[in-house]
Structure formats: C-alpha cells, structure tokens
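Chemist: Let's see this in three dimensions:
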Amino acid sequence: MRWLLVAGFAVCAGPWCRAQEAAIANKDAPNAPAPRSIEDLNYLGGEAAMPLFEDSLIPVQSKFRQGLAVKGLAFRVLSGPQYVQNLLDAPVKADEQVYAGQHPFEMMFWQPILSWDMRQLGMHRAQIYTGAAVQWVSWRPAGPKTIQMWALYFYKELARDRVEIKTGYVAHNMNFVGLFVGGSTSTASQGVYAVLPFEAGMSYWPLTSPAFDLKIRGPRNTYWKGAAQRSVDPKGGPTEVDRNHTGFRFIPHGDKLVTINEVGYQRASGPDQRDVWFRAGYIGNRTAYTNARNGLEESGNHCAYALIDGQLVQTDTAHPGHGWYMGGSVMAVPESKNAYARYYEVRLYDKAPFRSRPDDVAALVASRTGYSSVFTDNYVAAGKTVWRAGTTVTGSYSIRTHPGSYISFGLGYLYGPAITPRVSNALNFTANWYWFF
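Modeler: You can find the predicted model right below:
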C-alpha cells in the first residue's frame, strides 16, 4: 500500500520540478499569472460537490478569507445536527432500539478543513487537502462516535485536466458511486442510502484510509476512475474506530487491499442539452470476512453497482441545471458475507422547485433492500424473528435559509426497518441542519 502513495507523488514530481525550473528561468520576465479563484481551494476531484465559498456564513470578501487566500490557503468548517424519530409508536428504551428513530436519535458533527492550492510552488490545479472529523451520535451502531482525521491527501490535475490523481488518506463516499442525490453535500435529499459499498470495505466519512486514486476523462463525456485503498474493518464503523482511534493508522492487522473501478458517462446541463450521468463499478476486497454459511474467514468480498440520473425537464433557461430529474440504482454483494445483500432505488427530485428559491431541492426516494437469506436463515434457526427485506418511501425538502445554512425535513415510511427482530413498520421524521462557515 505504501508504494501506491509513493507512486502518486512520483507521477507529479516531474511537472512540479519543471514548474519550479520555469519560474527560475523567467524570474526577470514580466509576470502573467494564471487566473486565481478561491474555488481552487474548494473540494476538488469528487463525484459530490461542497458549496462554493460564497455560500458561507463567513463572506468571501472578509479579511479572514482574503488574508488566507493571498497565501493560497482556505479554512472552513462544516457542521450540523440531525434528529430522527418514529411517529407511529411510542419510543422504546434506548438499549432496546434496533434502528435509528425507534428511540429518538440525535447526531452532531463538526468538520474543520484546511486546503492549500500550492501555487507558491509553481503548481496549478494542485491541492493539499486536510480535514478532521468530530462526530457524536446518541446510538453508537448508527455512528461511529469519533474524533479523528478524515482527509490528508495530495490532488493534482494533469494533461490539460484530463487526468486527476489523488493520493493520501481519502474517504471515498464522495469520490465513487455518486450517492448524494442532486450531487451536493448541502442539499443532498434524505432517504435510505445504500450501505452495500461500505459493507464491501469502501472508506466513507468519517472513516478514512490510505488510497491512490486515478481518473481519466475520455472522449464524448466518458470517464474511467479507479482506486487502490486499504479496507475499512469488516465488522463496521465502531470496530474501525476502536482499532484506529486517530485515523492515522496505516494498515491495522488483517485489513487488506480494496480495488475500485468505475466507468461512466457524465454530461452537464446546458442551453441545448440536459444533464445525464450514468456510472457503473465494481469494488473488490482481499480482506478476510466471516462466511455466515460455514463460519470460516474468507477473502473475496465485493460489490457491483450501476446508477443513472437524468434531467427530465429544464424549468429555467437562464439556469439549465434547474428542473426535474429521475434516477435509479442497483447494487449487489455476496449474501454469505454481508447482511444487506441487494439494493434497488428509484428517485425523483426537483432542483429549484420555485423560481424564488433557486437553491432548494425537493425529492421522493423509494428503495428496497434485500436482507441476506444466509443471515436471516441463521437467525431463524436460532429462534429469532426476521424481516427478509426492507422497503422505504421517503419525501424530503431542503431549504437554503441563508448563505451557508441549509435545513432539510424528511418523512419516510419503513416497511421492515430492521433485519431482526421483526419489529413494527415505522414512519420516521428526519430533520437536518447544515452550517457552512
């Protein structure tokens, strides 16, 4: 795994050195610097986008922002609480809940980020990106509870931006699959999102792991991207945190290599074209997982996925990204190694449902999760009751209340909310409040 990180820096060493040599050779020539934007310091190279710096509680033109930007630096904090509660039944005791909301669930996170665009070293479209994670949850299985590093990596675009490299400690939920409805962390609509890629070992916020990522943009809006990553612990987030408290541990004992390959077609909306994004991928993991059929430790866990989102109607010619979208997802993992084995989703969402509210997003998401027959058969043999699948329908609305402030509300019906025991169906109310400083 270490050689992958070294290789990433080596690939970029040539352009870095040539840039420095050019700067020295032309130190007496008239300067013609490339246009500089504070957005060069935003999150780059992901399948989900963070809000622009102008969409922040701290104005772009403030002395704080500009003083750091002159030095090629940006500091920001993302934060917010979440609340989830079932409205159909009285809350159970805290130690008896089996899904978030069965007892009132609260979560709070803080995400400080420091980025550097590296132009002082003569590098363009390059970035050092660092971030920490502080997360508290009232129910640890929905967690984890942690204070740790979640990002520490080098990012560079090459070959006229047709090639992207990212190497270091990376959380891949923003880099692969495309799980954020609407493509933004600020207005990502609520719903039951698929956990299958994480079961297969892909890293996700706040859990990070060493990785080397490569993306190549092909002709006609096509792309390929891949990653080599150290696996997240097979037993899940709380166990990962227990074994790797700070996030810096390079390879905890037993965690092996995960490879991710994704191909796609992505076309942005424009005056004469609609937005469309198709992606399909395969995640392979060499880490040993417990086979629920025979109790043996075996490698070979994997996840296959395919997703598509397309713009049905453009509602504002001046803003071609506004309008109605529809999407779908299909995912599968081995039933012998994963409790959640299949995932299907259909989504309908509207960016800017009202002209007076261009940053709002409304969504309706329906999903079905097939629970592993191997796991459920074992539970039944042990005398437990089970659901064989879970179906959800969730409506949500995200409101931009102020620059840097988003509130979203969701109401979701859960048919089969937990694998075991076979508890009653639920109607979960969810509220999120996101702050961007």
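Chemist: so where is the protein shaky, pLDDT-wise?
Modeler: 1-35, 182-193 (pLDDT under 70).
Chemist: Do you have the helices of it handy? List them.
Modeler: With DSSP state H as the criterion, the chain has helices at 2-25, 63-70, 196-199, 237-243, 373-381.
Chemist: Give me the residues contacting the shortest one.
Modeler: Surrounding helix 196-199, the residues in contact under the criterion Cβ atoms under 8 Å, 6 or more residues apart in numbering are 173, 176-177, 179, 204, 232, 283, 301, 303, 305, 331-333, 338-343. Where you see a C-beta, it was placed from the backbone N, CA and C, and this is true even at glycine.
Chemist: Export it to PDB, keeping only CA atoms.
Modeler: Output of helix 196-199 as PDB, limited to C-alpha atoms (Å, rounded to 0.1, in the frame of the first residue of the first chain):
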ATOM      1  CA  LEU A 196     -23.500  -2.000   0.400                       C
ATOM      2  CA  PRO A 197     -20.300  -0.300  -0.900                       C
ATOM      3  CA  PHE A 198     -19.300   0.300   2.700                       C
ATOM      4  CA  GLU A 199     -20.000  -3.300   3.600                       C
END
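Chemist: hang on, isn't Pro206 packed against Gln135?
Modeler: Yes - at 5.4 Å, Pro206 and Gln135 qualify as touching, with contact defined as Cβ atoms under 8 Å.
Chemist: Of those two, which one has the most company?
Modeler: Per other Cβ atoms under 10 Å, whichever of Pro206 and Gln135 has more neighbours is Pro206, with 26 against 20.
Chemist: Give the closest residue to the more buried one in space, chain neighbours not counted.
Modeler: Nearest non-adjacent residue to Pro206, counting by Cβ to Cβ, 6 or more residues apart in numbering: Ala133, 3.3 Å away.
Chemist: Quick check, Glu372 in contact with Ala292.
Modeler: Glu isn't right for residue 372; it's Ser. Yes - using Cβ under 8 Å, Ser372 is in contact with Ala292, at 7.1 Å.
Chemist: circling back to that earlier point, so what's in contact with Pro206 and Gln135 at the same time?
Modeler: Common neighbours of Pro206 and Gln135 (Cβ under 8 Å, 6+ apart) are Phe109, Pro144, Thr146.
Chemist: ok, the second one to Asn244 distance?
Modeler: When Cβ to Cβ, to the nearest Å is applied, the distance between Pro144 and Asn244 equals 11 Å.
Chemist: what do you get for Glu345?
Modeler: 31 Å.
Chemist: Gln111 too?
Modeler: Note on Gln111: its distance to Asn244, by Cβ to Cβ, is 18 Å.
Chemist: what do you get for Ala228?
Modeler: 19 Å.
Chemist: do Ala363 as well
Modeler: Counting by Cβ to Cβ, the gap from Ala363 to Asn244 is 34 Å.
Chemist: neighbour count winner among these two?
Modeler: Per other Cβ under 10 Å, whichever of Ala363 and Asn244 has more neighbours is Ala363, with 26 against 21.
Chemist: surely that one meets Arg347?
Modeler: Yes - contact status for Ala363 versus Arg347: in contact at 6.4 Å, counting by Cβ under 8 Å.
Chemist: hmm, back to that, among the contacts of helix 196-199, name the ones in strands.
Modeler: Secondary structure from DSSP state E places Ile283, Asn301, Cys303, Tyr305, Met331, Ala332, Tyr340, Ala341, Arg342, Tyr343 of the contacts of helix 196-199 in strands.
Chemist: Of these, which is the nearest to Gly321?
Modeler: Taking Cβ to Cβ as the measure, Gly321 lies nearest Tyr305 of the ones in strands among the contacts of helix 196-199, at 24.5 Å.
Chemist: For that closest one, give the beta-bridge partners.
Modeler: Beta bridges link Tyr305 to Gly281, Met331 when assigned by DSSP bridges.
Chemist: For it, list the residues it contacts.
Modeler: Going by Cβ under 8 Å, 6+ apart, Tyr305 touches Val177, Ala194, Leu196, Pro197, Ala280, Gly281, Tyr282, Ile283, Ser329, Val330, Met331, Ala332.
Chemist: let's see it at 10 Å
Modeler: Taking Cβ atoms under 10 Å, 6 or more residues apart in numbering, we find Tyr305 in contact with 176-179, 194, 196-197, 200, 262, 279-283, 329-333, 343.
Chemist: Provide a ChimeraX selection command restricted to the buried entries of the residues you listed.
Modeler: Restricted to buried positions by 16 or more other Cβ atoms under 10 Å, the ChimeraX selection for the contacts of Tyr305 reads:
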select :176,177,178,179,194,196,197,200,262,279,280,281,283,329,331,332,333,343
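Chemist: joint contacts of Pro144 and Asn244?
Modeler: With Cβ under 10 Å, 6+ apart as the test, Pro144 and Asn244 both reach Leu207.
Chemist: Return the distance of Val313 relative to Thr208.
Modeler: 39 Å.
Chemist: Mind checking which of those two has more residues around it?
Modeler: Taking neighbours as other Cβ under 10 Å, Val313 and Thr208 compare with Thr208 leading, 28 against 11.
Chemist: Go ahead and confirm that one touches Val170.
Modeler: Yes - in this structure Thr208 lies within contact range of Val170 using Cβ atoms under 10 Å: 6.3 Å.
Chemist: Common neighbours of the two, please.
Modeler: Common neighbours of Thr208 and Val170 (Cβ under 10 Å, 6+ apart) are Trp150, Ala151, Leu152, Tyr153, Gln229.
Chemist: Tell me the one of those nearest Ser398?
Modeler: Ser398 has its nearest neighbour among those in Trp150, at 23.2 Å by Cβ to Cβ.
Chemist: Give the burial count for the nearest residue to that closest one once chain neighbours are set aside, as a bare number.
Modeler: Leaving aside its sequence neighbours, Trp150 sits nearest to Ala133 (Cβ to Cβ, 6+ apart; 4.1 Å). Close neighbours of Ala133, defined as other Cβ under 10 Å, add up to 22.
Chemist: show me the contacts for Ala133.
Modeler: Residues counted as contacts of Ala133 (Cβ under 10 Å, 6+ apart) are 78, 109-112, 144, 146-151, 171, 205-208, 247.
Chemist: If you go by neighbour count, which of these are buried?
Modeler: Among the contacts of Ala133, those classed as buried by 16+ other Cβ under 10 Å are 78, 109, 111, 144, 146, 148, 150-151, 171, 205-208, 247.
Chemist: Now, these that are in strands?
Modeler: Using DSSP E, the members of those that fall within strands are Leu78, Phe109, Gln111, Thr146, Gln148, Trp150, Ala151.
Chemist: distance of the residue lying closest to His402 once chain neighbours are set aside from Phe436?
Modeler: Spatial nearest neighbour of His402, excluding adjacent residues (Cβ to Cβ, 6+ apart): Leu57 at 7.5 Å. Leu57 sits 7 Å away from Phe436, taking Cβ to Cβ as the criterion.
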